[in-house]
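S.K.: structure, please.
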Amino acid sequence: MGSRVYAEYILMGALMSGEAHGYDIMQFLKNALGSAFHLATSQMYVLLKRLENDGLIVSSVELQDTLPSRRVFSLTNEGQKIFLEWIKSPVEHVRDLRIEFPARIYFIHRLSLRGGESLIRSQVRTLKKIKDKISRQQSEEKDPFIRLVFGQKIAMIDSWIKWINHDVVSFILKT
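M.R.: Residues are numbered from 1 along each chain as shown. Below you'll find the predicted structure:
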């Protein structure tokens, strides 16, 4: 998925339903993803500018009668395409699962997108490949502490797989 940071994809997802100004985006992030994701306002504007420079969003100034003008952001067709590619792809690194995978599931649900079951299967396959690689490393490792750390990583992956297969599947099937 290139060199984009997951927060950029989340910002694109926030604009999938239509244009919004910065305050609207911050409120969306707080209300929709607040328990799993936080982005400082200053960082949001840096990322929005980067997305605009890359042609993935556009902005315009909206004049208001009694209030200061505000900048309104909207997703371009290219931004929508890139976001939809991201949403359907599994998270490649276990360290990124905590925020990125739930964000993908959230947007699939919120935007009524197809592909939730496919994403789940793909994510579990990806995790099993990672687990197999770590298991091989663990079995070849001589240092007992490093074997212990590998065991912890395997246990975490097993926990992710169990959560995905039970809770996420139930969530996707109910919606």
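S.K.: longest helix in this protein, by residue count?
M.R.: Counting residues, the longest helix found in the chain (DSSP state H) is helix 116-140.
S.K.: can you list the neighbours in contact with that one?
M.R.: The contact list for helix 116-140, computed with CB atoms under 8 Å, 6 or more residues apart in numbering, reads 87-92, 94, 101, 104-105, 108-109, 147, 150-151, 153-154, 157-158, 160-161, 164-165, 168-169, 172. Glycine gets a C-beta too; all of them are placed from N, C-alpha and C.
S.K.: again, only this time at 6 Å
M.R.: Outside of helix 116-140, the residues that reach it under the criterion CB atoms under 6 Å, 6 or more residues apart in numbering are 88, 90, 108, 147, 150, 153-154, 157, 160-161, 164, 168, 172.
S.K.: so which of these belong to helices?
M.R.: Among the contacts of helix 116-140, the subset assigned to helices under DSSP H consists of Ile108, Arg147, Phe150, Lys153, Ile154, Ile157, Trp160, Ile161, Ile172.
S.K.: hmm, which two among the residues you listed are most spread apart?
M.R.: Between any two of these, the greatest separation by CB to CB is 37.5 Å, found for Ile108 and Arg147.
S.K.: below-threshold pLDDT in this protein: ranges please.
M.R.: Scanning the chain for pLDDT under 70 picks out 1-3, 175.
S.K.: spatially central, which residue of it would that be?
M.R.: A centroid search over the chain (CA atoms, centre = their mean) returns Glu100, at 3.1 Å, as the residue closest to the centre.
S.K.: shouldn't that one be in contact with Val91?
M.R.: Yes - in this structure Glu100 lies within contact range of Val91 using CB atoms under 6 Å: 4.8 Å.
S.K.: list the buried residues for whatever helix or strand Phe73 lives in?
M.R.: With the criterion set as DSSP states H and E, the secondary-structure element containing Phe73 is strand 70-75. Buried residues in strand 70-75, counted by 16 or more other CB atoms under 10 Å: Val72, Phe73, Leu75.
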